[in-house]
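Asks: Coordinates only, no sequence provided:
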């Protein structure tokens, strides 16, 4: 089986930033052959959809369930792109119910939070399909190859060419490299990949390039919010107490409730089979460590149901759950960046033919989806100018 692959450009990561970059790049560089390499089963990153192998017919948006775009500075590049997605009917305004639970477990109508500080948009399909559609809209000549479930563990730069090696032995050679994930650039890679040197640092040793040194210095100070996501597949008898019929329904917990019940947000998602899927997010370190150290996963699942039922005990719209083993637990590899943002001036390195995009760059969108999109749009212009 062939294990060496040569391309004009390789993109590492399959999140929304990579998809937006790839789509725009394909549109403006129709003769170039590119590859996208992603560790997950499909596209989307933190805006992905889990298509269950165990439970047929289920599609759960397990990361960002929608787009919350806060374009507070009216960036025209970002505005134009969101308008383009609307015109193509890839997204629509999300008018789903959104509730905020206060300390008395009452439902608040006030919608000021990090999840609702802008305009909410909903994919007309699943979030994973949205990422796919974004690329397909400009991949008219089949110029991009996808490699899923492929974890990159090593980078080398030799004679104006990148050599990218995956854990399963595939080698990709490319004139240009795009990192939409910073896993290969950050110290967290040491533990996750079980290596002793950050891959980009190994490829470009210290003092070889000031911009790369600066980039890695900024990332050294950047940290991440780890998350667990619980996917609950309910049976056909489970429903709301009322007659709500829209695709999604959001419940956000105020800080005091998040500390008590360990949940950050809960999203109900109506499936094509008319069953209700429930996605529960937690970033509570105590709860995450409890799961990591638990010897019995079934006991932990029971804890999830117990907390859920206590939270919604007297709720007017949500029914309690009976214990059912149909819960999947996902530990996020790509977590939300916090702390120090990387300056956009370090996005492209001409000497080493490498570019970077993602929500880890500076700006109002730092750590948010609009930051991912905007950094990709800016990078595509810079890379196209470089290649020309």
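Replies: Sure thing, it's come through. Given the structure is predicted, the values throughout are model-derived calculations rather than measurements. Residues are numbered from 1 along each chain as shown.
Asks: Check the secondary structure at the spatially most central residue of the chain for me.
Replies: With distances taken as Cα atoms, centre = their mean, residue 46 lies nearest the centre of the chain, 1.6 Å away. Assigned with DSSP: H, G, I helix; E, B strand; the rest coil, residue 46 falls in the helix class.
Asks: Name all residues that make contact with it.
Replies: 15, 16, 63, 64, 332, 334, 336, 369 (Cβ atoms under 8 Å, 6 or more residues apart in numbering). Just so you know, the C-beta spots here come from the backbone N, C-alpha and C atoms, and that holds for glycine as well.
Asks: Let's see that with 10 Å instead.
Replies: Taking Cβ atoms under 10 Å, 6 or more residues apart in numbering as the contact definition, residue 46 lies against 15-17, 62-64, 127, 227, 332, 334-336, 359, 369, 372.
Asks: Return the item of the residues you listed having minimum pLDDT.
Replies: Ranked by pLDDT, the contacts of residue 46 bottom out at residue 334, which has 62.
Asks: all strands for the stretch 1-150 of the chain, in order.
Replies: Using DSSP state E, counting those that start in this stretch, the strands of the stretch 1-150 of the chain run over residues 4-12, 34-37, 49-51, 59-61, 67-69, 91-93, 97-101, 107-108, 119-123, 144-147.
Asks: neighbouring contacts of the third one?
Replies: Pointing back at strand 49-51 there. Contacts of strand 49-51 (Cβ under 10 Å, 6+ apart): 40-44, 57-63, 65, 123, 125-132, 229, 231, 269, 277, 279, 328, 330.
Asks: again, only this time at 6 Å
Replies: For strand 49-51, contacts defined as Cβ atoms under 6 Å, 6 or more residues apart in numbering pick out 59, 60, 61, 62, 126, 127, 128.
Asks: got a markdown table for those residues, with distance to residue 31 and neighbour count too?
Replies: Listed next are the contacts of strand 49-51 as a markdown table, based on distance: Cβ to Cβ, whole Å; neighbours: other Cβ atoms under 10 Å:
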| residue | distance to residue 31 | neighbour count |
| --- | --- | --- |
| 59 | 36 | 19 |
| 60 | 39 | 26 |
| 61 | 35 | 25 |
| 62 | 37 | 26 |
| 126 | 32 | 20 |
| 127 | 31 | 26 |
| 128 | 29 | 25 |
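Asks: Now do the closest residue to residue 185 other than its chain neighbours, the pLDDT please.
Replies: Leaving aside its chain neighbours, residue 185 sits nearest to residue 200 (4.6 Å; criterion: Cβ to Cβ, 6 or more residues apart in numbering). Per-residue confidence (pLDDT) for residue 200: 97.
Asks: Got phi/psi on residue 200?
Replies: phi -70, psi -40 (degrees, to the nearest 10).
Asks: quick one: buried residues of stretch 165-178?
Replies: 165, 166, 170, 172, 174, 176, 177, 178 (16 or more other Cβ atoms under 10 Å).
Asks: who's in contact with whichever helix or strand the first one is part of?
Replies: Read that as residue 165. According to DSSP states H and E, residue 165 maps onto strand 161-166. Contact with strand 161-166 is made by 10, 150, 151, 152, 154, 155, 156, 171, 172, 173, 174, 177, as judged by Cβ under 6 Å, 6+ apart.
Asks: ok, now with 10 Å
Replies: When contacts are defined by Cβ under 10 Å, 6+ apart, strand 161-166 is touched by residues 3-7, 9-10, 12, 35, 37, 39, 147, 149-157, 170-177, 184, 199, 203, 352-354.
Asks: thought residue 168 was touching residue 150?
Replies: Yes. At 6.4 Å, residue 168 counts as touching residue 150 under the criterion of Cβ atoms under 10 Å.
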